[in-house]
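Novice: Fold the stuff below for me.
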Amino acid sequence: MIKIRLDVDYAYPSRWQSFFYTALKSKTKRNYLKNSKIIARMINESPMDVKAYWFFTPFTLPDVEMLELLNSDKHEIALHVAIDAYKELNNLEKATNTQVKYYTIHGTERLLGKIIWHRKLSQSKASIPEGFHLKSFYDFPTMSLDRICHVKSTHETLKIAYESIKKGEVLHIHPDWLFQSGKMNPRGPYYDTLKEILNVDCELETLEKRKKMFVTIGKYSEHFEYVKNVNPTEKFFIKLKSRDVDVFTFVEKSWCNSLAVTPSGKWVKTEDNIALLQINTFDDWWEKIGKKTRNMVRKAEKSGLTIEVSEPSDRLAEGVWRIYNETPFRQGRAFSHYGQSFESVREMIFNTKNCTFIGAYVDDVLVGFIQLVYGDDLVVVTQILSLQKHWDKAINNAMLAKVVELCAKGNHKWLMYGRMGRGSSHPSLDKFKENNGFVRYPLNRYYVILSRKGEMAIKLGLHRQFKDKIPEVLKPKVISVYNFISRTKVKLLHR
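Specialist: Next comes the predicted model:
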């Protein structure tokens, strides 16, 4: 069993908002117990055997919504004593209609904390009266999960947490540190760790939030949104709202399946596209591509290139890092990966899920690579790069041929490579895609309004990218100007 102790010290995600309302002995409905409700939903959805012990203070008494979430055998309400044990116990049992069994004590050493909690300056924590009938929860062995998350990675914390669970220890967390990291208080954030422990929120994996003026737009990270099957249910949208998403965008994967639900009035539809290659057999693809492209692949074979699947390793990471840092400019503009550290490249190589790397080698040295992300019905080319000093070897053509061969052997019917034509900002890359059999496939992109701010943003057109608003006749000139500005910025930066 996974046992979790939650000390609900503060009611709001914002520390200053919590301090303000605690000091005033007041509260507001907006965002009240927001993080606690997110955690309660995670526990309720978890397929694991979980028992959560919720320790509430007199300033964080559960409201109707919170009580509804705690209405299962997975939860137990308990007392977090702040000042007066008997008075607070009476109020908690009355508010929750529950007989409380356990208690813990809220404490603070800081002067500000003592003032906020209305304690005497000499009193760092409440005292428990003699004969108090509740059982102390301090008798149970406990591991402070949010403290460990403050100093260690999710991967490292998970190892420690699983060992702690095996020992029967209780995982101790504070809801206010779910997403944020403390400065004076060394705790959190622990959402990613808790999500893995509880085995929930898989549909939110790779979700990214982008702030644009006053609105927050949510979408799956680049490329992953094309392999993820979006389940646009009300339950899913509630999760997005709880994470302050105002507009959520996703694409309809009409090349393999259509939406299972009918879009509502709060869904806005726009046109989008992808470069898509349908694969039957390698020989079929080989016959469809032009003679010039076939000759490029043959040229690569004669130049001594070795193309193979490359497993994550320090050797692969070093090769990718070298390619990233060969030149600050690619395709006429600033290259975003230039200057990236070896450590960050290594983390990407080892931590990206459902991913395969195809490497091109000359004399056992990596001179090019393709990164692929796999979905149930689609393989996505996320990166294809090679050393410029070896471009005479047609490396990219040879690697793409290897990808088609692997997809055909693995019965992967669809291969995607970014956008193409309208919406794309790489004309030369579009030509490369066309020569290798990709076609422009139109599809629908939906924007789901989740708040009033989201509705206003849609009306103002903030949901669309700037490049999508540029008329096609002006795009070549705008691209040239953009490329010049990006190159100039890099030159000035590295002067």
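Novice: Residue 99 reaches residue 90, doesn't it?
Specialist: No: in this structure residue 99 lies outside contact range of residue 90 using C-beta atoms under 8 Å: 11.9 Å. Using the backbone N, CA and C atoms, a C-beta is placed for each residue, glycine as well.
Novice: Specify which residue of these two has the higher count of neighbours.
Specialist: Remark: of residue 99 and residue 90, residue 90 carries more neighbours, 12 against 7, as counted by other C-beta atoms under 10 Å.
Novice: From residue 54, how far off is the more buried one?
Specialist: 18 Å (C-beta to C-beta, to the nearest Å).
Novice: where does this protein dip in pLDDT?
Specialist: Residues of the chain that meet the criterion pLDDT under 70 lie in 257-260, 422-425, 466-479, 482-483, 487, 490-491, 494-495.
Novice: Kindly report the domain assignment for it.
Specialist: Segmentation of the chain into domains, based on automatic domain parsing, reads 2-200, 207-273+441-481, 280-412.
Novice: now do the same end-to-end measure for the first one.
Specialist: Distance between the two ends of domain 2-200: 14 Å, counting by C-alpha to C-alpha, to the nearest Å.
Novice: same deal with the shortest one?
Specialist: Counting by C-alpha to C-alpha, the length from the leading to the trailing residue of domain 207-273+441-481 is 32 Å.
Novice: Format the domains of the chain as JSON lines; extra columns: distance to residue 418.
Specialist: Shown next, in JSON lines, are the domains of the chain (distance: least, C-beta to C-beta, whole Å):
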{"stretch": "domain 2-200", "distance to residue 418": "28"}
{"stretch": "domain 207-273+441-481", "distance to residue 418": "8"}
{"stretch": "domain 280-412", "distance to residue 418": "7"}
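Novice: Can you check which of these gets nearest to residue 492?
Specialist: Residue 492 sits nearest to domain 280-412 of all those, at 11.0 Å, using C-beta to C-beta.
Novice: So what's the gap between that closest one and the chain middle?
Specialist: Centroid separation for domain 280-412 versus its chain: 25 Å, with C-alpha atoms, centre = their mean, to the nearest Å.
Novice: Name the nearest residue to residue 320, sequence neighbours excluded.
Specialist: Distances taken as C-beta to C-beta, 6 or more residues apart in numbering place residue 345 nearest to residue 320, at 5.4 Å, with adjacent residues excluded.
Novice: Where does the one you found sit, in terms of helix or strand?
Specialist: Using DSSP states H and E, residue 345 sits in helix 342-351.
Novice: wait, doesn't the residue nearest to residue 320 sit right on residue 319?
Specialist: No: the criterion here is C-beta under 8 Å, and residue 345 misses it with residue 319 at 9.5 Å.
Novice: Which residue of those two possesses the greater neighbour count?
Specialist: A direct count of neighbours by other C-beta under 10 Å for residue 345 and residue 319 places residue 319 higher, at 24 against 21.
Novice: Can you say which helix or strand has the residue lying closest to that one once chain neighbours are set aside in it?
Specialist: In this structure, residue 319 finds its nearest non-sequential neighbour in residue 366, 2.8 Å apart by C-beta to C-beta, 6+ apart. Element membership of residue 366 [criterion: DSSP H and E] is strand 365-374.
Novice: That strand pairs with which strands, parallel or anti?
Specialist: Sheet pairing for strand 365-374, assigned by DSSP bridges, gives strand 355-362 (antiparallel), strand 379-386 (antiparallel).
Novice: Beyond the last one, next helix or strand please.
Specialist: Looking back up the chat, that one is strand 379-386. Using DSSP H and E, the next helix or strand after strand 379-386 towards the C-terminus is helix 395-409.
Novice: Give me the residues contacting that following helix.
Specialist: If you take C-beta atoms under 8 Å, 6 or more residues apart in numbering as the criterion, helix 395-409 is touched by 277, 279-282, 285, 293, 296-297, 300-301, 305, 307-309, 358, 360, 367-370, 372, 379, 381, 384, 386-387, 412-413, 415, 432, 436.
Novice: now the residues you listed: which count as buried?
Specialist: Listed as buried from those are 277, 279, 282, 285, 293, 296-297, 300, 305, 307, 358, 360, 367-370, 372, 379, 381, 384, 386-387, 412-413, 415, 432, 436; burial here means 16 or more other C-beta atoms under 10 Å.
Novice: picking up where we left off before, in a markdown table: the strands paired with strand 365-374, plus distance to residue 453.
Specialist: Supplementary listing: those in a markdown table, determined by distance: least, C-beta to C-beta, whole Å:
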| stretch | distance to residue 453 |
| --- | --- |
| strand 355-362 | 35 |
| strand 379-386 | 31 |
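Novice: what's the closest of those to residue 58?
Specialist: Relative to residue 58, the nearest member of the strands paired with strand 365-374 by C-beta to C-beta is strand 355-362, separated by 49.5 Å.
Novice: Checking my notes, residue 185 in a strand, right?
Specialist: No: Residue 185 is assigned coil when assessed by DSSP: H, G, I helix; E, B strand; the rest coil, not a strand.
Novice: Just give me the neighbour total for it.
Specialist: For residue 185, using other C-beta under 10 Å, the count is 17.
Novice: For it, grab phi and psi.
Specialist: Torsion angles at residue 185 (phi, psi; degrees, to the nearest 10) stand at phi -100, psi 110.
Novice: ok, it - contacts?
Specialist: Contact analysis of residue 185 by C-beta under 8 Å, 6+ apart lists residue 177.
Novice: likewise the one 5 residues further on?
Specialist: Each residue near residue 190 by C-beta under 8 Å, 6+ apart is listed here: 145, 146, 149, 157, 173, 177, 178.
Novice: Can I get the residues you listed in TSV including neighbour count, distance to residue 165 and secondary structure?
Specialist: Formatted as TSV, the contacts of residue 190 follow (neighbours: other C-beta atoms under 10 Å; distance: C-beta to C-beta, whole Å; DSSP: H, G, I helix; E, B strand; the rest coil):
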residue	neighbour count	distance to residue 165	secondary structure
145	26	10	helix
146	26	16	helix
149	27	15	helix
157	23	12	helix
173	25	13	strand
177	26	20	helix
178	20	19	coil
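Novice: farthest-separated two in those?
Specialist: 157 and 178 (14.0 Å).
Novice: partner residues bridging residue 306?
Specialist: Residue 306 has the following beta-bridge partners by DSSP bridges: residue 361.
Novice: Show me what counts as buried in the helix holding residue 345.
Specialist: By 16+ other C-beta under 10 Å, the buried positions in helix 342-351 come out as 345, 346, 348, 349.
Novice: One more: stretch 229-245?
Specialist: Buried residues in stretch 229-245 (16+ other C-beta under 10 Å): 230, 232, 237, 239, 240, 243, 244, 245.
Novice: ditto for stretch 210-228
Specialist: 215, 216, 217, 218, 219, 220, 223, 224, 225, 226, 227, 228.
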